[in-house]
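Engineer: next come a sequence and a model predicted from it.
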Amino acid sequence: VLPESGEYDSEKKITRAEFADYTAKFFGGTPNEKRKHYKDVSTDYWAADSINYLVEQGYLTIGTDAMFYPDRNITLSEACKILLSAAGYEAEAETRGGFPNGYMSVARNEKILPKVENANELTVGEAVELIYKAAETDIYTLEFSSGKTEYVKSGKETLFSKYHNIYSADGTITSVYGANLPSSAVAEKDNVYIDYEKYTVAQGLQADDFFACYTEYVYRETEDDTFEVLYVENKKQSNDDVKINGGDIVDFDNGTYSVEYYRDSSQRSTKKETLPRGITVVYNGSQYTGGLSEIFDEFIRKRTRGTVRILDVNQDGKKDTVVINSYRSFNVGYVNPDISEFYNKENIGDVLKIDDFDTVRIYDSEKNETVLTSAAPQVLSVAESKDKQYLEIITVSESKTGVLNSINITGSNVRIDGVDYDADYQVFNYTYKLNDTYTVKIDQFGYVVSISGDKNNFIIGYLTDVKYDYENEIIRFKIYEQSGKMS
């Protein structure tokens, strides 16, 4: 209906010809024959086909003067008449007084009216909103039942479904690419499961953020009887669901099974949330049956970053599921590309074996899909499920070069060029010189995850020889570097 580029003036007044063209394009219709229905609409007029189509379908009527007035701005009641006629409400509107009051009465009853600034001249934005709301309304159809004919709402059929096979529904997203609730199938790339039923996902639609949420979604039924999700949004706006930033978690009491966390970013007051014993836990995409103390302790000790969501997935008023996304910093010091193994320079025993995981997702800091290189050093943000079902890696690319003003190990933060940053615990493994210039890497949560400069550079390679230099009283190492250089 609108330009694919999305470039249009929503505040511009829309004419009767333009609105007719919008609606005819939405219906996908063309006239059966070229003819002149109105005196002021010639057969070669730019919107003649659209206007003629609406006349042929009975959505436009021809007045006694046979004039259409194509360049006049369309009124709210005129636009409603076209759309409600298309949706089958013409008879109902006529029983309520006809045009304009009867149609406006039906429009109010069906809740399709947008908020308009001037009902005598709609804007493009108001017209598009009206078309969308009318397209979502149940079609009014004539049915024969119990010996009489009456108009009834279809219950499922709308203008969207009639002309585009598009439907709307509510449901819980039970599986996405990279996470699934217990009993739900594992979703492949570009698929989701809603109430355990499989759907494909339209290109560009990010469904991950709605995992385990009760949603309203729009989908298309395709020619091969599959379903494609086009749009999704949270349906339930309830204070019962809780989302906690991992950095705000203060304590977890395993005795009372309660988590204490800061109410907001000011961190001035805390709140407690008690979890029911036996609550379902989804950790980094997969069901987790171990103890929660270990996971919450990682957040509290600033070992990991992420979110904790406490949800009522079953929609019965009781919290039944905890969804935890927990990322740790992984500073790559060495890579064995032949077997896809990455070694953490902070702990050589910490090896990330990519091939051990069933599903691996790799993104850049903007959440665009990317590939993982074998470069070292590099910094990754890693979320692993305990059962090796899922692995998500985010390559950390954001960096800042500046003067290191201060280091606060107790508070786990550093100051660069006068700006305070929370810092990963691993950056404190090294000694830095204040007021020197360093380059820091910053992860997706805003944490400094590495600090590099002349004071802590290192060489990765094989140690081939060691000699003691008696003259200078130093130990000399001969290293075959990863780059192939001997130093």
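Structural biologist: That came in fine, so what should we check first?
Engineer: what's the pLDDT at Ser487?
Structural biologist: According to the prediction, Ser487 has pLDDT 68.
Engineer: oh, I was asking about Thr304
Structural biologist: For Thr304, the model assigns a pLDDT of 96.
Engineer: I'd say it and Phe330 touch.
Structural biologist: No - using C-beta atoms under 8 Å as the test, Thr304 is too far from Phe330 to be in contact (11.2 Å). For the C-beta atoms, the positions are set from N, CA and C on the backbone; glycine is no exception.
Engineer: just give the number of residues close to the closest residue to Ala87 other than its chain neighbours.
Structural biologist: Distances taken as C-beta to C-beta, 6 or more residues apart in numbering place Ile139 nearest to Ala87, at 5.3 Å, with adjacent residues excluded. As a burial measure, Ile139 scores 19 neighbours (other C-beta atoms under 10 Å).
Engineer: just checking, Ile139 touches Gly88?
Structural biologist: Yes - using C-beta under 8 Å, Ile139 is in contact with Gly88, at 5.1 Å.
Engineer: so the residue nearest to Ala87: helix, strand or coil?
Structural biologist: Put simply, Ile139 is strand when judged by DSSP: H, G, I helix; E, B strand; the rest coil.
Engineer: quick one: contacts for it?
Structural biologist: The contact partners of Ile139, taken as C-beta atoms under 8 Å, 6 or more residues apart in numbering, are Ala87, Gly88, Lys153, Ser154, Glu157, Thr158, Leu159, Lys162.
Engineer: what residue ranges in the chain score low on pLDDT?
Structural biologist: Along the chain, the parts satisfying pLDDT under 70 run over 1-8, 142-151, 154-155, 236-239, 454-460, 469-474, 482-483, 487.
Engineer: centroid-nearest residue for it?
Structural biologist: Central residue of the chain (C-alpha atoms, centre = their mean): Gln206, 4.0 Å from the mean position.
Engineer: count of residues packed around the residue lying closest to it once chain neighbours are set aside?
Structural biologist: Distance criterion C-beta to C-beta, 6+ apart; nearest residue to Gln206, sequence neighbours excluded, is Lys367 at 7.6 Å. Using other C-beta under 10 Å, the number of residues around Lys367 comes to 13.
Engineer: got it, and Thr30?
Structural biologist: Neighbour count for Thr30, taken as other C-beta under 10 Å: 11.
Engineer: helices of this protein, start to end?
Structural biologist: Using DSSP state H, the helices found in the chain span residues 16-27, 48-57, 76-86, 90-95, 101-109, 124-136, 159-164, 292-300.
Engineer: so can I have JSON lines of these showing mean neighbour count and distance to Tyr468?
Structural biologist: Supplementary listing: the helices of the chain in JSON lines, determined by neighbours: other C-beta atoms under 10 Å; distance: least, C-beta to C-beta, whole Å:
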{"stretch": "helix 16-27", "mean neighbour count": "22", "distance to Tyr468": "84"}
{"stretch": "helix 48-57", "mean neighbour count": "21", "distance to Tyr468": "90"}
{"stretch": "helix 76-86", "mean neighbour count": "23", "distance to Tyr468": "90"}
{"stretch": "helix 90-95", "mean neighbour count": "17", "distance to Tyr468": "99"}
{"stretch": "helix 101-109", "mean neighbour count": "18", "distance to Tyr468": "92"}
{"stretch": "helix 124-136", "mean neighbour count": "20", "distance to Tyr468": "79"}
{"stretch": "helix 159-164", "mean neighbour count": "18", "distance to Tyr468": "80"}
{"stretch": "helix 292-300", "mean neighbour count": "19", "distance to Tyr468": "43"}
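Engineer: that older thread, tell me the spacing between the residue nearest to Ala87 and Leu83.
Structural biologist: As judged by C-beta to C-beta, to the nearest Å, Ile139 and Leu83 stand 11 Å apart.
Engineer: rewinding a little: distance check, the residue nearest to Gln206 against Gly411.
Structural biologist: Relative to Gly411, and taking C-beta to C-beta, Lys367 is found at 29 Å.
Engineer: same question, Lys36
Structural biologist: 79 Å.
Engineer: kindly report the same for Ile393.
Structural biologist: 29 Å.
Engineer: neighbour-wise, which of those two wins?
Structural biologist: Neighbour totals were compared for Ile393 and Gly411, and Ile393 leads with 22 against 11 (other C-beta under 10 Å).
Engineer: mind listing what the more buried one touches?
Structural biologist: The contact partners of Ile393, by C-beta under 8 Å, 6+ apart, come to Val360, Arg361, Ile362, Tyr363, Leu372, Leu380, Ser381, Val382, Ala383.
Engineer: now list the buried members of those.
Structural biologist: Listed as buried from the contacts of Ile393 are Arg361, Leu372, Leu380, Ser381, Val382, Ala383; burial here means 16 or more other C-beta atoms under 10 Å.
Engineer: so for the fifth one, what's the nearest residue that isn't a sequence neighbour?
Structural biologist: Think Val382. Closest to Val382 by C-beta to C-beta, 6+ apart is Phe330, at 4.7 Å.
Engineer: now the fourth one
Structural biologist: For Ser381, the nearest residue in space outside its immediate sequence neighbours is Ile394; the separation is 4.2 Å by C-beta to C-beta, 6+ apart.
Engineer: the one you found reaches Tyr363, doesn't it?
Structural biologist: Yes - counting by C-beta under 8 Å, Tyr363 is a contact partner of Ile394 at 5.1 Å.
Engineer: counting by contacts, list what the lengthiest strand in the chain packs against.
Structural biologist: For the chain, the strand with the greatest residue count under DSSP state E is strand 321-336. Applying 3 or more C-beta pairs under 8 Å, 6 or more residues apart in numbering; DSSP states H and E, we find strand 321-336 packed against strand 280-283, helix 292-300, strand 305-311, strand 341-344, strand 347-353, strand 378-384, strand 448-452.
Engineer: centre of the chain to the last one, how far?
Structural biologist: Between the mean C-alpha point of strand 448-452 and the mean C-alpha point of its chain there is a distance of 29 Å (C-alpha atoms, centre = their mean, to the nearest Å).
Engineer: same question, stretch 202-220
Structural biologist: 7 Å.
Engineer: now it - C-alpha only, PDB.
Structural biologist: Output of stretch 202-220 as PDB, limited to C-alpha atoms (Å, rounded to 0.1, in the frame of the first residue of the first chain):
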ATOM      1  CA  ALA A 202       9.900 -13.500   8.200                       C
ATOM      2  CA  GLN A 203      13.300 -12.100   7.200                       C
ATOM      3  CA  GLY A 204      14.400  -9.300   9.500                       C
ATOM      4  CA  LEU A 205      12.000 -10.300  12.400                       C
ATOM      5  CA  GLN A 206      13.800 -10.700  15.700                       C
ATOM      6  CA  ALA A 207      11.800 -13.300  17.700                       C
ATOM      7  CA  ASP A 208      14.500 -14.100  20.200                       C
ATOM      8  CA  ASP A 209      13.600 -11.300  22.600                       C
ATOM      9  CA  PHE A 210      10.100 -12.800  23.000                       C
ATOM     10  CA  PHE A 211      11.200 -16.300  24.100                       C
ATOM     11  CA  ALA A 212       8.900 -17.700  26.800                       C
ATOM     12  CA  CYS A 213       6.600 -14.600  26.500                       C
ATOM     13  CA  TYR A 214       2.900 -14.500  25.900                       C
ATOM     14  CA  THR A 215       2.500 -12.600  22.700                       C
ATOM     15  CA  GLU A 216       0.200 -11.300  20.100                       C
ATOM     16  CA  TYR A 217       1.500 -12.200  16.600                       C
ATOM     17  CA  VAL A 218       0.600 -11.900  13.000                       C
ATOM     18  CA  TYR A 219       1.200 -14.700  10.600                       C
ATOM     19  CA  ARG A 220       0.600 -15.600   7.000                       C
END
